[in-house]
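A.B. asks: Give me coordinates for this.
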Amino acid sequence: MQHASRRQFLSVGLVGAAGAVAVAGGGARAAPAAGSVGDAYPTTDPELARSMVGASHAQVDRVRELLALDVGLAKAAWDWGFGDWETAIGAASHTGRLDIVEVLIGHGARPDLFTFAAMDNVDAVRAIIEGVPGARELEGPHSISLYAHAEAGGAQRVREYLDSVGIAPSTFGAVAQDAAANMLGAYAWGPDESERFLVSWNERLSMLVIERPGGSKRNMAPRSGNVFFPVGARRVSVAFTVEGGQATGLVVEGFGETVRAARVQA
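C.D. replies: A predicted model of the protein is given here:
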């Protein structure tokens, strides 16, 4: 799959599958009409991959439509920003959509620890937790915990096992809205309108949000003081420079080159 620039945030909206090549019998692709081969061919069209991952959160009918276009989309993955990779089956797992999980596995998707947790497969979860070093600390997409996957799937046996070994739901620290208000606005690192971050407030989750214009919004959890990390990317830090109670800039580190941006609009 071809990917856009690692610094580019891509929108989470689902897109149409125009121009997709239908799947012929036996899994072979039908010969495309003249001039219909896209730039990504023969790798998967990234727009289709993004659409599949997005649909796999809740839209089983859309998932079936996309699989009819290309059965390989069952294994699709997408980076929502800062390396927060999510697979189609990962999306269905953390939303507890076991019907979609079943469809994806039936078309070749590869289940993982978090899928097993959502499916209440306690034997598989136990084997991985006890047999794989570091497995206790693993998180799913968007920093969603293993325990939360079990809750989403109604997996009672897995929850009881996780309780017994001390694996609890992970939580994010709270951010005071009045303090967050001093960080809202636009932060630019270049003259073009696309060369900036927009920082806003997610009132429902009480979290700061960062995005590039027209791109994917990423919730940010507090690390310490004025330093945050985008969910799904704990290694990345977004540090605000604060003077006189107001943010004057931010620095993003831990993902490619360091980006330093000055606040240009409150």
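A.B. asks: Only C-alpha atoms from now on, for both contacts and neighbour counts.
C.D. replies: Fine.
A.B. asks: Residue ranges in this structure under the pLDDT threshold?
C.D. replies: 1-35 (pLDDT under 70).
A.B. asks: which residues of the stretch 51-200 of the chain fall in strands?
C.D. replies: Assigned by DSSP state E, counting those that start in this stretch, the stretch 51-200 of the chain shows strands spanning 77-79, 85-87, 185-188, 196-202.
A.B. asks: Ok, which of the ones you listed comes nearest Ala262?
C.D. replies: Shortest separation from Ala262 across those is recorded for strand 185-188, at 5.0 Å, computed as C-alpha to C-alpha.
A.B. asks: Now tell me what touches the closest one from outside.
C.D. replies: The contact list for strand 185-188, computed with C-alpha atoms under 8 Å, 6 or more residues apart in numbering, reads 195-200, 249-250, 261-266.
A.B. asks: repeat that with 6 Å
C.D. replies: 195-199, 261-266 (C-alpha atoms under 6 Å, 6 or more residues apart in numbering).
A.B. asks: Now tabulate the residues you listed in a markdown table and tack on distance to Ala239.
C.D. replies: Converted to a markdown table, these look like this (distance: C-alpha to C-alpha, whole Å):
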| residue | distance to Ala239 |
| --- | --- |
| Glu195 | 18 |
| Arg196 | 15 |
| Phe197 | 13 |
| Leu198 | 14 |
| Val199 | 12 |
| Ala261 | 10 |
| Ala262 | 12 |
| Arg263 | 13 |
| Val264 | 16 |
| Gln265 | 17 |
| Ala266 | 17 |
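A.B. asks: quick one: the helices in the protein?
C.D. replies: 46-55, 60-69, 88-94, 98-106, 113-118, 122-131, 146-152, 156-164, 177-181 (DSSP state H).
A.B. asks: As a markdown table, those with distance to Gly225 and mean neighbour count would be great.
C.D. replies: Converted to a markdown table, the helices of the chain look like this (distance: least, C-alpha to C-alpha, whole Å; neighbours: other C-alpha atoms under 10 Å):
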| stretch | distance to Gly225 | mean neighbour count |
| --- | --- | --- |
| helix 46-55 | 33 | 24 |
| helix 60-69 | 42 | 18 |
| helix 88-94 | 29 | 29 |
| helix 98-106 | 39 | 19 |
| helix 113-118 | 31 | 27 |
| helix 122-131 | 33 | 16 |
| helix 146-152 | 27 | 25 |
| helix 156-164 | 31 | 18 |
| helix 177-181 | 11 | 14 |
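A.B. asks: Could you dump those into a markdown table with distance to Gly244 added?
C.D. replies: Output for the helices of the chain, formatted as a markdown table (distance: least, C-alpha to C-alpha, whole Å):
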| stretch | distance to Gly244 |
| --- | --- |
| helix 46-55 | 41 |
| helix 60-69 | 50 |
| helix 88-94 | 41 |
| helix 98-106 | 50 |
| helix 113-118 | 44 |
| helix 122-131 | 47 |
| helix 146-152 | 39 |
| helix 156-164 | 45 |
| helix 177-181 | 12 |
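A.B. asks: out of those helices, nearest to Arg204?
C.D. replies: helix 177-181 (11.5 Å).
A.B. asks: Restrict the closest one to CA atoms and write it as PDB.
C.D. replies: The C-alpha trace of helix 177-181 is given here as PDB (Å, rounded to 0.1, in the frame of the first residue of the first chain):
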ATOM      1  CA  GLN A 177     -10.700  22.900  30.600                       C
ATOM      2  CA  ASP A 178      -9.600  26.400  31.800                       C
ATOM      3  CA  ALA A 179      -6.000  25.400  31.400                       C
ATOM      4  CA  ALA A 180      -6.600  23.800  28.100                       C
ATOM      5  CA  ALA A 181      -8.300  27.000  26.800                       C
END
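A.B. asks: follow-up on the earlier one: and which of the contacts of strand 185-188 is nearest Glu137?
C.D. replies: Looking across those and measuring by C-alpha to C-alpha, the closest to Glu137 is Val199, at 29.0 Å.
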